[in-house]
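Colleague: starting from these lines, generate the structure:
(chains A and B)
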Protein chains: 2
Amino acid sequence: MGPRVVAHLVRLVVVNGTSRHAAVVSINLCVALLCACIVLGHLLEENRWVNESITALIIGPCTGVVILLTTKGKSSHFLSFSEDLFFIYLLPPIIFNAGFRVKKKRYFRNFMTITLFGAIGTMISFFTISIGAIAIFSRMNIGTLDVGDFLAIGAIFSATDSVCTLQVLNQDETPLLYSLVFGEGVVNDATSVVLFNALQNFDLNKIDVAVVLKFLGNFCYLFLSSTFLGVFSGLLSAYIIKKLYIGRHSTDREVALMMLMAYLSYMLAELSDLSGILTVFFCGIVMSHYTWHNVTESSRVTNKHAFATLSFFAETFVFFYVGMDALDIEKWKFASDSPEKSIGISSILLGLVLVGKAACVFPLSFLSNLTKKADFEKIIWRQQIVIWWAGLMRGGVLISLAYNKFTRSGHTPLQGNAIMITNTITVVLFSTMVFGRMTKPLIQFLLPASSHTVTSEPSSPKSPHSPLLASMQGSALETASHSHIVRPSSLRMLLSKPTHTVHYYWRKFDDALMQPMFGRRGFVPFSPGSPTKQSIYWGR
Amino acid sequence: MGPRVVAHLVRLVVVNGTSRHAAVVSINLCVALLCACIVLGHLLEENRWVNESITALIIGPCTGVVILLTTKGKSSHFLSFSEDLFFIYLLPPIIFNAGFRVKKKRYFRNFMTITLFGAIGTMISFFTISIGAIAIFSRMNIGTLDVGDFLAIGAIFSATDSVCTLQVLNQDETPLLYSLVFGEGVVNDATSVVLFNALQNFDLNKIDVAVVLKFLGNFCYLFLSSTFLGVFSGLLSAYIIKKLYIGRHSTDREVALMMLMAYLSYMLAELSDLSGILTVFFCGIVMSHYTWHNVTESSRVTNKHAFATLSFFAETFVFFYVGMDALDIEKWKFASDSPEKSIGISSILLGLVLVGKAACVFPLSFLSNLTKKADFEKIIWRQQIVIWWAGLMRGGVLISLAYNKFTRSGHTPLQGNAIMITNTITVVLFSTMVFGRMTKPLIQFLLPASSHTVTSEPSSPKSPHSPLLASMQGSALETASHSHIVRPSSLRMLLSKPTHTVHYYWRKFDDALMQPMFGRRGFVPFSPGSPTKQSIYWGR
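Modeller: I've put the predicted structure just below:
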């Protein structure tokens, strides 16, 4: 809770007598509906295509209808969307958790491809959508939108939904695709936000080579410094927790410190006008690689699930909100003097998104394949289609950017803006519900089980008798190869595989310098000289 | 984050251009200082008397000084205290965690004593302090305070600090004292809040027997319905999680649901003008007794530590805030035309608190001892002194009530109010730093290790090699006697002890009806018929 926020709040609460009661009512409704989302989402889980996102998207409009009926058509929501709420409170846990959970080895093996797709791909998508929007919308009569607005539309609609991707793809079934699509999604989000912010402070009337070069330089600076900040925060947390050994006294403090430092990295990035998304993503990666191994066993379990739970809250809340806002009568009335036009604009936007993503995925896959020698490393066309398709989903980041651009405190003063907002919501709803739902069957159709063996990594053996252990294997397996208790067989297996040179040198560097400094505490039992049986048990 | 809150916030953020930046700066400062509190608190941990509360209380003024210097004497804090922030966001996790962690058997064995101390004791304390305040303050010249204000002072200064108690007393070393002092503290907090709210809506000019009876009836109604709501929410969560078996699909959802339902119980109580503190406390007790045993192992560890971490955040934040507000120049200037008077008032208030608490502890202990037959059940005078002393600490609840009564949105329009606020802060600082610091040595002096055997419960064996297990024993031991895998020896030991009749019938009722319905899932492994070795491992 932002303290300054609170200061404002207090003044408000005292000024409007009923505000506290209203806040309590809102919180009650919100919490109760989140509970409903969880329970319903669970009940619908048997049908794997209906996940929490979609449940929340469905519950949202239902709530809207109820509120609409109770307030007799005055209002459809008890929440106003705030990009502050989203960027300060909801996004950090989602992205941090993504970084914390990503399979690092696989992610970094595909690092170049991911960066290519994420950064260059977003640029391509941005130009395609912008040019398309300028070409089509400027001929239609949709209010006062200028070139800056169209470029913003390009940046906004280039932001894919990495959150939804996580729920549709499975890290164990389609590991390569997962790491590509999700990794790309994160870089994509960051790129869109950076692009969008850069465009906001840009004088579009004076474009020349120097300006473009400055823009690109600025872009690279943002990328590198954001990454550096994230890595630095992660390493700092690892060092502090290792040296101070806080878990000796209190597990809770360890957990609290990890959370606070992760959040601090994000907020520091925001304060310095860097990309908080990139920062907290890399902070998550570094924390899961070093810090996580320095804390006690109970802290590990707690951290893993607490981060996931926070992320889950945030995701559900975002989708729930989008669903509810879809029924905002005020905007619809204002936007649609003709429903046909609305449908037209949404279709055009969806078409542009489809084309923009295609223009980025297929050429870049071709480029990426040129650099790969081994056949199994190449991205086959069936996989390309899945990457394209999964990249079509649009979600929270898109919504936030759109609200940031086209509304003033939740209201749409101009008709053109109202049209863009309603169409944004339509695109998000459609892409999440339709594209999202169809991704799973598409994968099953295009990539039957046999082709999942593309990755050379061993699949993690699931032991049904120890769910605690099983739930931790995801991360634990990562370290098994890193830790000093690697069994000879896996070591041989590891060396016999063709590993990338970069990865090999990184491993050497990591083992020689980084791990002794920042990691590898494991949990040291109180009595010295005791058998490390338990450490081994947990370490794997 | 209150959604309505956000709605307001957004409008504010747009109105004042720099507000978002200010909020980001405040959050950064706040998070960084919380990190500092944790790290410093840990470093000072060797000195057991300096705990996080005191660290936070020290860091607070230091931050105040720095801000004072940077803003050149204009302002000493970047936070404004809001009783909404406290009551809506900070208090629920603290009290829930207290209920979740309380040793139930011991708590309910002393239930009557705790209720006596908490409810009747607070009343006695309230009357003593009110009458004292009327007698002394009305003769001094301290602004315009009426009888209602003096009664409010009585209610406000009767609220002990159960949070600080948790940090000073040790559940394992002095179990009886811990359960008495802490249990009393919770009921005391609830009573003060109820009393305070009742006084706010009270016409003091028309007091007769009917009004007093109505007041008492209202009081009982609040107590009973709040308790019922808490128990109901807890049982509902246990039932849902048991029947739906959510952990099968996702640990995170289980954790999220438990958190949401606990918070919902608190907010529902607030919505219905009940005592959220009592509700969430009982919800915590029921959840640790039933719900906790229905979730997966990883959920158990996560819940335990996540709740503790949230509570830790909230506590540290409260103390940090109080420390910082102690340097609010504006109030001090306004309040103290003469420093002697300020010191006088603070001393009088501290004296009243001392007398009020003594007037409640010693006579009620005498009464309580009359009802006990066995010698070891009686509260000896040394223990009475500790209970009295530990009950002197004042903290967050007191501060919140005082701010609620004497400020308008963080400002003190009247001199009398400013005086009361500065003196409240003085009392809190003094009681926490001095009384709090002296509690530990006092216990060591009055109750050397031998007298800790007053409780008849077996002390939990700590195994240093398995910290995960050890950290869970607190709650796990509770169930050992309840669960169906009790070893014969402990069963015999249990039966041979003189248990209270109520406790015996409750046990029968619990085993026959409640456990089959709400509890005892344990975690069922996926493959049926597997050895329950792990369940036993975790179950104990």
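Colleague: do you know the pLDDT at A:T128?
Modeller: At A:T128, the model reports a pLDDT of 90.
Colleague: tally of neighbours for it?
Modeller: Around A:T128 sit 21 other residues, with neighbours defined as other Cβ atoms under 10 Å in any protein chain shown. Every residue, glycine included, has its C-beta placed from N, CA and C.
Colleague: sec struct for the nearest residue in space to it that is not next to it in sequence, please.
Modeller: In this structure, A:T128 finds its nearest non-sequential neighbour in A:G356, 4.0 Å apart by Cβ to Cβ, 6 or more residues apart in numbering or on different chains. What DSSP: H, G, I helix; E, B strand; the rest coil gives for A:G356 is helix.
Colleague: A:G356: neighbouring residues, count only.
Modeller: Using other Cβ under 10 Å, A:G356 has 26 other residues around it.
Colleague: ok, now which ones touch it?
Modeller: Residues counted as contacts of A:G356 (Cβ atoms under 8 Å, 6 or more residues apart in numbering or on different chains) are A:124-126, A:128-129, A:132, A:157-158.
Colleague: what pLDDT is listed against it?
Modeller: 89.
Colleague: could you check how far it is from chain B?
Modeller: When distance is defined by Cβ to the nearest Cβ, to the nearest Å, A:G356 is 30 Å away from chain B.
Colleague: likewise A:I387?
Modeller: Computed with Cβ to the nearest Cβ, the distance linking A:I387 and chain B is 26 Å.
Colleague: mind listing the helices in the stretch 251-400 of chain A by residue range?
Modeller: Counting by DSSP state H, counting those that start in this stretch, the stretch 251-400 of chain A has these helices, from start to end: A:251-271, A:276-289, A:297-325, A:329-335, A:339-371, A:381-390, A:396-406.
Colleague: and the longest one with helix A:381-390, angle?
Modeller: Here helix A:339-371 points in a direction 140 degrees away from that of helix A:381-390 (axes from the mean of the first three to the mean of the last three Cα atoms, to 10 degrees).
Colleague: returning to that earlier point: so which of the contacts of A:G356 is the most crowded?
Modeller: Among the contacts of A:G356, the one with the most neighbours (other Cβ under 10 Å) is A:S158, at 32 neighbours.
Colleague: now do the same contact list for it.
Modeller: Each residue near A:S158 by Cβ under 8 Å, 6+ apart is listed here: A:122, A:125-126, A:129, A:188, A:191-192, A:195, A:356.
Colleague: with adjacent residues omitted, what lies nearest to it?
Modeller: Excluding its sequence neighbours, the residue lying closest to A:S158 (Cβ to Cβ, 6+ apart) is A:S125, at 4.3 Å.
Colleague: wait, doesn't A:R394 sit right on A:A159?
Modeller: Yes: shown here, A:R394 and A:A159 form a contact pair, counting by Cβ atoms under 8 Å, at 7.0 Å.
Colleague: give me every residue that touches the residue nearest to A:S158.
Modeller: For A:S125, the set of contacting residues under the criterion of Cβ under 8 Å, 6+ apart consists of A:154, A:157-158, A:356-357, A:359-360.
Colleague: test my guess that A:Y290 contacts A:V231.
Modeller: No: the pair A:Y290 and A:V231 does not pass the contact test of Cβ under 8 Å, sitting 10.2 Å apart.
Colleague: neighbour count: the two, which is higher?
Modeller: When A:Y290 and A:V231 are compared for neighbours, A:Y290 comes out ahead with 24 against 16, by other Cβ under 10 Å.
Colleague: follow-up on the earlier one: quick one: distance of the helix or strand where the residue nearest to A:S158 lies to the chain centre.
Modeller: In the assignment (DSSP states H and E), A:S125 maps to helix A:121-137. Computed by Cα atoms, centre = their mean, to the nearest Å, the separation of helix A:121-137 from the middle of its chain amounts to 23 Å.
Colleague: what's the angle from the helix or strand A:G185 falls within to helix A:396-406?
Modeller: A:G185 is part of helix A:175-200, with elements assigned from DSSP H and E. Using the same axes, to 10 degrees, the direction of helix A:175-200 lies 10 degrees away from that of helix A:396-406.
Colleague: hang on, the earlier thing: got TSV for the contacts of A:S158, with distance to A:L278 too?
Modeller: Compiled in TSV, those are given as follows (distance: Cβ to Cβ, whole Å):
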residue	distance to A:L278
A:T122	13
A:S125	18
A:F126	17
A:I129	22
A:N188	11
A:T191	9
A:S192	12
A:L195	13
A:G356	22
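Colleague: can you tell me which of the residues you listed is nearest A:F87?
Modeller: When those are compared for distance to A:F87 (Cβ to Cβ), A:S192 comes out closest, at 12.8 Å.
Colleague: now the closest one: closest residue in space that isn't a chain neighbour?
Modeller: A:A159 (3.7 Å).
Colleague: ok, that neighbour - how many residues close by?
Modeller: Under the neighbour criterion other Cβ under 10 Å, A:A159 is assigned a count of 28.
Colleague: A:S26 too?
Modeller: Neighbour tally, A:S26, other Cβ under 10 Å: 19.
Colleague: which other helices and strands does the helix or strand encompassing it contact?
Modeller: Secondary structure assignment for A:S26, by DSSP H and E: helix A:19-43. Under the contact definition 3 or more Cβ pairs under 8 Å, 6 or more residues apart in numbering or on different chains; DSSP states H and E, helix A:19-43 sits against helix A:3-15, helix A:52-70, helix A:297-325, helix B:3-15, helix B:209-244, helix B:251-271.
Colleague: export those to CSV and tack on distance to A:V255 and mean pLDDT?
Modeller: What follows is these, written out as CSV (distance: least, Cβ to Cβ, whole Å; pLDDT from 0 to 100):
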stretch, distance to A:V255, mean pLDDT
helix A:3-15, 22, 36
helix A:52-70, 24, 73
helix A:297-325, 5, 82
helix B:3-15, 26, 37
helix B:209-244, 22, 85
helix B:251-271, 13, 89
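Colleague: indicate which one of the ones you listed is closest to A:A512.
Modeller: Counting by Cβ to Cβ, A:A512 lies closest to helix A:297-325 out of the helices and strands packed on helix A:19-43; the figure is 25.0 Å.
Colleague: how far is the closest one from where the chain is centred?
Modeller: Distance, stretch centre to chain centre, for helix A:297-325: 12 Å (Cα atoms, centre = their mean).
Colleague: can you check stretch A:255-275 too?
Modeller: For stretch A:255-275, the separation from the chain centroid amounts to 16 Å (computed by Cα atoms, centre = their mean).
Colleague: could I get the buried residue list for it?
Modeller: A:255-270, A:274-275 (16 or more other Cβ atoms under 10 Å in any protein chain shown).
Colleague: filter those residues by proximity to chain B?
Modeller: Contacts with chain B within these, as defined by Cβ under 8 Å from any Cβ of the partner chain: A:255-257, A:259-261, A:263-264, A:267-268, A:270.
Colleague: quick one: mean pLDDT for stretch A:366-382?
Modeller: Averaging the model's pLDDT scores along stretch A:366-382 yields 78.
Colleague: between the two ends of that stretch, what distance do you get?
Modeller: Distance across stretch A:366-382, first residue to last, is 13 Å (Cα to Cα, to the nearest Å).
Colleague: how about stretch A:403-422?
Modeller: According to Cα to Cα, stretch A:403-422 extends 10 Å from its N-terminal end residue to its C-terminal end residue.
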